[in-house]
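A.B. asks: below: sequence and its predicted model.
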Amino acid sequence: MCARVTGYPCGVQSPREQAQIAAGAWVLALDTPTLPPATATNTLVIGGDRLLIVEPATPHAREQARLDALVGELLAEGRTLAGVVITHHHVDHVGYATALRDAHDIPIFAHAETASRVPFEVDTQIAEGWSIDLGDGHELEALHTPGHAPGHLVLWDRKTEVAHAGDLVAGEGTILVDVSDGGDMSTYLDSLRRMAARVRARRELGRAPSFVPAHGPVLDDPAAVLDHYVAHRLAREDKVRRAVVEGGRRAFLGILASAYADTPKRLWPIAALSVEAHLRKLVDDGELVREGRGARPR
C-alpha cells in the first residue's frame, strides 16, 4: 500500500521527506567547490503553492540531479516555481542558478552588488525589505547583511522562521572577510549583531527561528552562534591590537604571527585575510595608523 500511495517502498523516504526541515521548507547539502573543511553548500527550497530555490550552488551534475529530484516531486504535487535567489556572488553559491532559470523559465533574484559581480545576468535586483508571497502563509523577506560580501542577503521566511543565512555564519568551517573582494569587518560585525537582535525579537514573540547556513548543519540556536561569532572576532581583533600596541609588532607578518600564534602555519595565508580586515577596522576606528603593509599605534 505504501508504494501505491507514495511511489516508494514502505520505509523508504522520498527526496521530499528526506530533505524536509519544517512545513514548506526543504534543505539539501550539495557538493560544491567550497573551502575545507566544508565540502557542500546548502540549498533551501521553500514556500507553499509557489516555491523559491535559495542558493542553487552546485555545479556538479550528480548533485544537480538530487535537487532536480526534490523539485520534481514538489512540482508533481501541483506547486510552481517562483524563481531562484542567490545570497551573494561567490562561486560556491551560484553554480546551478542559470541552468535552473533556463530549465524552468524562472527569474534569478539577487542584490545589485551581487549582480555586478556574477558572470551572468540577474533578472531582478532585490534589496533590504524586498519580500515575496509564496502562498499558504509563506512570505520570504530579504535582509541585507553585508560584510562577508557587499551584496550578501539573508532570506527569512516569516511563517516557518527558517532563514537561509548564506555565509553570514557557518555550521562548519569559518567565514572569511576578504577586503580585496569587498569584505568589511566592521560592517560584518554590524550584520551579525543585527541578526542576533532580530532572532531575539522573534523569540520574544514566541517564535523559534532557525538558520540554514551555507555550510554545515541547520542552526537551531542562531542567536548563540551569532553572539559567538561576534565574540570570536572581537577576541581576534584584540590580539591584532595588542600585537601592535603592546608587542611592538608593526610589520604585517609579525602581526600575523602574534595574532594567530594559536593557528597552524599552513592556515596563515587564510588568516592573513582576517588580519588585513581587522587592521583596516582598527585604522577606521582611530586606534592604529597604517605603516606600509603593517601598522603602528596612533
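C.D. replies: Yep, it's here.
A.B. asks: next, count neighbours for the nearest residue to His111 once chain neighbours are set aside.
C.D. replies: Nearest residue to His111, sequence neighbours excluded (Cβ to Cβ, 6 or more residues apart in numbering): Gly151, at 3.4 Å. Every residue, glycine included, has its C-beta placed from N, CA and C. Neighbour count for Gly151, taken as other Cβ atoms under 10 Å: 25.
A.B. asks: hmm, Val122 and Gly151 touching each other?
C.D. replies: No - using Cβ atoms under 8 Å as the test, Gly151 is too far from Val122 to be in contact (9.8 Å).
A.B. asks: what about the strands in this protein?
C.D. replies: 20-22, 25-31, 40-47, 50-54, 80-85, 108-110, 124-125, 131-135, 138-144, 153-157, 162-166, 210-213, 288-291, 294-297 (DSSP state E).
A.B. asks: okay, the last one in PDB with CA atoms only?
C.D. replies: What follows is the C-alpha trace of strand 294-297 in PDB, where atoms were taken according to Å, rounded to 0.1, in the frame of the first residue of the first chain:
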ATOM      1  CA  GLY A 294      51.700  46.900   8.800                       C
ATOM      2  CA  ALA A 295      50.600  49.400  11.400                       C
ATOM      3  CA  ARG A 296      51.600  51.500  14.400                       C
ATOM      4  CA  PRO A 297      49.700  52.900  17.300                       C
END
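A.B. asks: what's next to that strand, contact-wise?
C.D. replies: When contacts are defined by Cβ atoms under 8 Å, 6 or more residues apart in numbering, strand 294-297 is touched by residues 244-245, 249-252, 254-255, 279, 282-283, 287-289.
A.B. asks: show me which residues of that strand are buried.
C.D. replies: The neighbour-count check on strand 294-297 (16 or more other Cβ atoms under 10 Å) flags 294-295 as buried.
A.B. asks: note down every partner strand of that strand and its orientation.
C.D. replies: Strand 294-297 has its sheet partners listed here by DSSP bridges as strand 288-291 (antiparallel).
A.B. asks: picking that back up, find the residues that touch each one of Gly151 and Val122.
C.D. replies: 110, 114-115.
A.B. asks: tabulate those residues (CSV), appending pLDDT.
C.D. replies: Formatted as CSV, these follow (pLDDT from 0 to 100):
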residue, pLDDT
Ala110, 98
Thr114, 98
Ala115, 98
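A.B. asks: among the residues you listed, who's most crowded?
C.D. replies: Ala110 (28 neighbours).
A.B. asks: my guess is that one meets Ala127, correct?
C.D. replies: No - contact criterion Cβ under 8 Å: Ala110 and Ala127 do not qualify, at 10.1 Å.
A.B. asks: closest to Gly83 among the contacts of strand 294-297?
C.D. replies: The shortest gap between Gly83 and any of the contacts of strand 294-297 belongs to Leu279, at 39.7 Å (Cβ to Cβ).
A.B. asks: pretty sure the closest one is touching Lys239, no?
C.D. replies: No - using Cβ under 8 Å, Leu279 is not in contact with Lys239; the gap is 11.9 Å.
A.B. asks: so which of those two has more stuff around it?
C.D. replies: Leu279 (25 against 17).
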